[in-house]
Structure formats: structure tokens, C-alpha cells
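*Asks:* following is a predicted model, sequence given first.
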Amino acid sequence: MKFIPKKNKKGAFSDLFLLMIFALVIIFISVLFIYMGNITKDKLHDTIGNMDLHDTNGNNASQTIDNTFGDATASYQALTWIAVFLIVGMILSIFIGSYLVTTKPVFFIPYLFIVIIAIVVSVPMANSYEKIMTTPTLADTFTQFAGANWFMLNLPIWITIVGITGGIIMFSRMGKKEDEYNGY
């Protein structure tokens with residue numbers, strides 16, 4: 001069995017920023033899907049549901065709306081937990097990426113500065129999320145996202161934990177991969 005080493009893999013110092021951005025985007029897209037689905041279903045019931053329309057099977061327009069668009073809206077409810085699983089997956093990928101990366105000790109100081117910058121950036125991001133979350137229009141939809149809200153409202157703490165843990169994993173393996181390469 002031949003071992004193929006990874007070349008030029010210096011690590012991704014931007015993983016924490018990608019975590020913050022993608023988590024925010026995933027949650028906002030999920031919230032908008034659920035919100036727009038519910039609004040559309042309600043508007044269809046208000047306009048078409050009041051008409052006296054029937055098909056050949058005896059279903060009226062309200063039943064047809066519930067059987068078609070209502071099922072799609074119900075399936076969007078899975079996004080409340082899918083968003084959490086995607087965030088957890090991104091955190092695990094940061095840890096796995098940190099494990100697979102070999103770095104030099106000189107990169108510890110830049111990594112520390114990047115983690116500090118990520119923590120500082122995460123504070124206004126969490127505050128902005130809270131303001132958007134409490135808007136009267138979207139508040140009902142955001143309350144369904146318990147796990148994602150908990151993550152985003154505690155974003156500085158999570159970025160600190162993930163950044164420090166990823167750094168410990170990355171820098172505790174310094175030089176160990178190079179020793180493995182020399183053995184093959």
C-alpha cells in the first residue's frame with residue numbers, strides 16, 4: 001500500500017469566519033423558506049379557499065391547497081433541525097481539518113490573532129442576529145429554531161471554543177505528520 005502525502009496543505013485559518021457566515025446564511029435561508037411558505041399558504045387559503053371550486057373527486061380548493069402546498073410547507077419544518085446539523089457538521093469539519101493539517105510553530109501567533117479577530121467579529125454578528133430575530137414580522141418563525149438561535153446568540157462563546165480547540169488539535173500535531181512521511 002503506497003502512502004500519498006498531501007502537499008501544500010497549510011491549514012485554513014479562515015474556517016471560523018466561514019462557520020459564522022455560513023451558519024448565518026443557512027439560518028436566514030431556512031427562516032425565509034418557512035416564513036414564505038406559511039404566508040403563501042395563508043394567502044392561497046384567503047383567496048382561492050373562499051371560492052366554491054370543486055374537482056371531480058369532490059375536493060374543494062382548500063383541501064387541494066392543504067394536500068399540495070400544505071405538505072410542502074410542512075416539509076420545510078425539517079429545516080429547523082437541518083440547520084443545527086449543518087452547523088454541527090461545520091464544527092466537526094473544522095476539527096477534522098485541524099487534525100489533518102501540519103503546521104510550523106511560527107503560525108501559532110497568526111492563528112491566535114485570527115481567533116481573537118473572529119471573536120471580536122462574532123460579537124456584533126450575534127447582536128445583529130438578535131435584533132433580526134426579535135423583529136415582529138419574523139419572530140414567530142425564529143422561535144421555531146431553538147438550537148440555531150442558541151448557537152447564534154452565544155456565537156462569541158462558540159467561536160472561542162471552536163477556535164481554541166481547533167488550535168489545540170492543530171498545534172499538538174506539529175511535526176508528527178512529517179515523521180510519518182519519513183517512514184514510508
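*Replies:* Sure thing, it's come through.
*Asks:* just give me the residue right at the centre of this protein.
*Replies:* What sits nearest the mean C-alpha location of the chain, by CA atoms, centre = their mean, is A23, with 3.0 Å.
*Asks:* mind listing what that one touches?
*Replies:* By CB atoms under 8 Å, 6 or more residues apart in numbering, the contact set of A23 is L86, I87, M90, A148, F151, M152, L155. C-betas here are computed from N, CA, C, even on glycine.
*Asks:* between these, which is closest to M36?
*Replies:* Minimum distance to M36 across these is 17.6 Å, recorded for A148 (CB to CB).
*Asks:* was I right to think the closest one contacts I87?
*Replies:* Yes - applying CB atoms under 8 Å as the test, A148 and I87 come out as touching, 6.8 Å apart.
*Asks:* any idea which element the residue nearest to the centre of the chain lies in?
*Replies:* helix 15-47 (DSSP states H and E).
*Asks:* how about that helix, which residues are buried there?
*Replies:* Within helix 15-47, the residues that count as buried by 16 or more other CB atoms under 10 Å are 15-17, 19-20, 23-24, 26-27, 30-31, 33-35, 37, 41, 44-45.
*Asks:* ok, stretch 75-87 next?
*Replies:* In terms of neighbour count (16+ other CB under 10 Å), stretch 75-87 has its buried residues at Y76, L79, T80, A83, V84, L86, I87.
*Asks:* can you spell out which helices and strands pack onto whatever helix or strand V120 lives in?
*Replies:* If you go by DSSP H and E, V120 is part of helix 108-133. Helices and strands touching helix 108-133, by 3 or more CB pairs under 8 Å, 6 or more residues apart in numbering; DSSP states H and E, are helix 15-47, helix 139-142, helix 146-153, helix 155-172.
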